[in-house]
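> Structure of the sequence below:
(one chain, ligands or ions: 2)
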Amino acid sequence: MLVQLRGALSRGVSSVVYRVARAMKPQVIFVLGGPGAGKGTQCAKIVETYGYTQLSVCLSQTYGYTHLSAGDLLRGERSREGSEFGQLIDSYIKDGKIVPVEITINLLRKAMEETMQLDQKKSRFLIDGFPRNHDNLRGWTSVMEDKADVKFVLFFDCSDQVCINRCLERGKSSGRTDDNRESLEKRIQTYLQSTRPIIGQYERQGKVHTVDASRSVDEVFADVKTLLDREG
Ligand SMILES: Nc1ncnc2c1ncn2[C@@H]1O[C@H](COP(=O)(O)OP(=O)(O)OP(=O)(O)O)[C@@H](O)[C@H]1O
Ligand SMILES: Nc1ccn([C@H]2C[C@H](O)[C@@H](COP(=O)(O)O)O2)c(=O)n1
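Numbering: from 1, shown residues only. Ligands and ions are numbered 1, 2, ... in the order given. Alright, predicted model coming up:
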């Protein structure tokens with residue numbers, strides 16, 4: 001009797017623990033689109049608009065988003081003194097190729113863990129520029145699938161020409177080694193051949209929200225806001 005009771009209790013406790021642990025899992029929105037589609041710009045506006053504030057504490061909400069750009073993390077690692085991957089990252093970026101996921105997923109995992117260690121309430125992430133190919137997706141599945149919940153993919157859709165024009169314009173001041181015609185042609189090919197199929201895969205699961213990114217920043221953001229308000 002005592003043994004049965006203990007068993008039931010421990011099953012009950014473990015189910016509660018399981019549900020609490022699940023509820024506390026970080027929530028992730030993957031942000032995808034072509035180079036220069038405006039992913040970073042829109043993520044910055046989301047953070048600015050939904051950022052964690054005192055007000056949200058009063059309302060017991062934890063609505064703030066943390067923006068993690070895979071490209072920024074890789075550029076950071078490239079310039080980190082003593083990095084064993086600096087040269088490899090540099091050549092992949094210039095060539096418009098996707099860096100092996102073992103490097104990227106570790107940077108993402110560390111950034112997520114550090115963010116949550118600093119503030120447990122920061123458990124909503126916009127992961128920008130990831131997963132960009134099958135290798136990225138495989139890395140996410142093996143390292144992060146049971147550590148985070150992917151809510152959906154926010155897909156900024158615009159033509160290749162719009163992407164190219166925006167990157168070339170940005171290239172006048174960005175200092176980025178890949179905002180030039182030669183790298184851009186390769187980045188667009190990588191996007192079409194490797195990233196679009198990943199978006200298609202999520203689309204078939206009904207997990208993609210597409211926004212027409214060819215309009216002005218504010219028009220695009222108006223759609224993003226409607227969508228995030230609706231999706232909670
Ligand atoms: N809706 C828009 N209309 C016009 N210009 C835009 C728009 N959104 C972003 N831009 C500009 O286009 C350039 C690229 O934007 P952004 O860096 O946000 O793109 P991205 O998708 O993050 O690019 P990447 O993947 O290459 O890092 C920037 O100079 C930005 O100011
Ligand atoms: N998942 C990723 C994201 C980015 N990179 C590399 C290759 C990209 O061309 C470059 C720039 O990224 P962006 O700032 O445009 O998002 O960084 C990658 O290899 N894997």
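
> CA atoms for contacts and neighbours, from now on please.
Fine.

> By mean pLDDT, flag the weakest helix or strand of this protein.
Sorted by mean pLDDT, DSSP states H and E, the helices and strands of the chain end with helix 54-58, the least confident at a mean of 41.

> how near is the nearest residue to N136 once chain neighbours are set aside to ligand 2?
Leaving aside its chain neighbours, N136 sits nearest to V101 (5.1 Å; criterion: C-alpha to C-alpha, 6 or more residues apart in numbering). From V101 over to ligand 2 the distance is 7 Å, taken as C-alpha to the nearest ligand atom, to the nearest Å.

> tell me, how many neighbours does V101 end up with?
V101: 20 surrounding residues under other C-alpha atoms under 10 Å.

> so after the lengthiest strand in the chain, what's the next helix or strand?
Taking DSSP state E as the criterion, the chain has its longest strand at strand 149-157. Under the assignment DSSP states H and E, the closest C-terminal helix or strand after strand 149-157 is helix 160-174.

> Which elements pack onto that following helix?
helix 181-190 (3 or more C-alpha pairs under 8 Å, 6 or more residues apart in numbering; DSSP states H and E).

> CA atoms only for the next helix or strand after the least confident helix or strand of the chain - export them in CSV, please.
Counting by DSSP H and E, the element after helix 54-58 in chain order, helix or strand, is strand 66-69. Provided in CSV are the C-alpha atoms of strand 66-69 (Å, rounded to 0.1, in the frame of the first residue of the first chain):
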residue,chain,number,x,y,z
THR,A,66,16.0,38.7,-26.9
HIS,A,67,17.4,39.0,-30.4
LEU,A,68,20.2,36.6,-31.3
SER,A,69,21.6,36.9,-34.8
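
> For strand 66-69, which outside residues touch it?
40, 43-44, 47, 108, 111, 122-129 (C-alpha atoms under 8 Å, 6 or more residues apart in numbering).

> partners of that strand, with directions?
Strand 66-69 pairs in its sheet with strand 124-128 (parallel), by DSSP bridges.

> So what's the gap between the partner strand and the chain middle?
For strand 124-128, the separation from the chain centroid amounts to 4 Å (computed by C-alpha atoms, centre = their mean, to the nearest Å).

> and the angle for it with strand 149-157?
Inter-element angle recorded for strand 124-128 and strand 149-157: 40 degrees (by axes from the mean of the first three to the mean of the last three C-alpha atoms, to 10 degrees).

> what does strand 124-128 contact?
26-32, 39-40, 43, 63-71, 112.

> how about the residues of the chain near ligand 2?
Selection of the chain residues close to ligand 2 by C-alpha under 6 Å from any ligand atom yields 35, 70-72, 93, 96-99, 129-132, 187.

> If we use 8 Å, what do you get?
34-36, 69-72, 74-75, 89, 92-101, 104, 128-133, 136, 178, 187 (C-alpha under 8 Å from any ligand atom).

> how about low-confidence regions in the protein?
Applying pLDDT under 70 to the chain flags residues 1-23, 52-63.

> at 50 instead, please
Where the chain drops to pLDDT under 50, the residues are 1-3, 5, 9, 13, 16-22, 53-62.

> Determine which residue lies closest to the centroid of it.
I127 (1.1 Å; C-alpha atoms, centre = their mean).

> Tell me what it is bridged to.
The partner residues for I127, given DSSP bridges, come to F30, L68.

> Then D149?
D149 has these beta-bridge partners by DSSP bridges: Q27.
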